[in-house]
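# sharing a model that was predicted from the sequence below.
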Amino acid sequence: MKKTSLALVLIAALPGFALAEGADTDNDGLLNWEEVMTAYPDVTEDQFHAADLDGNGTLDAGEIAAAQEAGILPPPSDM
Ligand SMILES: [Ca+2]
Ligand SMILES: [Ca+2]
């Protein structure tokens, strides 16, 4: 299972995932609207829905990274 462990380490090293760790209060690896609202009060609900590319109500690491690039969420360096 060494390959799995390596993959997890690589995922944890992604900037988007590092951001989620600080704002992800229930530690499920996803940001829901309440977590985004709490961590980033400047983000509107419309922006949250725009960042939720698959519309499932939570932001995964990829959606967070895309939102950071789009300027919806602050980049990790601003944390
Ligand atoms: Ca969460
Ligand atoms: Ca989503």
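Okay, I see it. Residues are numbered from 1 along each chain as shown. Ligands and ions are numbered 1, 2, ... in the order given.

# and the closest residue to Ala70 other than its chain neighbours, how far is that from Ala39?
Leaving aside its chain neighbours, Ala70 sits nearest to Ala51 (7.3 Å; criterion: C-beta to C-beta, 6 or more residues apart in numbering). Where you see a C-beta, it was placed from the backbone N, CA and C, and this is true even at glycine. Distance of Ala51 to Ala39, given as C-beta to C-beta, to the nearest Å: 13 Å.

# re earlier: quick one: the residue nearest to Ala70 from Asp28, how far?
17 Å.

# higher neighbour count, those two?
For Ala51 versus Asp28, neighbours defined as other C-beta atoms under 10 Å are more numerous around Ala51 (19 against 11).

# got the phi/psi numbers for the more buried one?
phi -80, psi -20 (degrees, to the nearest 10).

# shaky segments in this protein?
By pLDDT under 70, the weakly predicted segments of the chain are 1-21, 77-79.

# what do you get if the cut-off is 90, keeping everything else the same?
1-23, 74-79 (pLDDT under 90).

# show me the beta-bridge partners of the residue lying closest to Leu30 once chain neighbours are set aside.
Counting by C-beta to C-beta, 6+ apart, Leu30 lies nearest to Thr58, which is 4.0 Å off, once chain neighbours are set aside. On the basis of DSSP bridges, Thr58 is bridged to Asn32.

# show me the contacts for Thr58.
Residues near Thr58 by C-beta atoms under 8 Å, 6 or more residues apart in numbering: Leu30, Leu31, Asn32, Asp52.

# between those, which has the most around it?
Ranking the contacts of Thr58 using other C-beta under 10 Å puts Leu31 first, with 30 neighbours.

# what's the local residue count around the closest residue to that residue other than its chain neighbours?
Excluding the flanking residues, the one nearest Leu31 by C-beta to C-beta, 6+ apart is Leu59, at 4.3 Å. Leu59 has 29 neighbours, counted by other C-beta under 10 Å.
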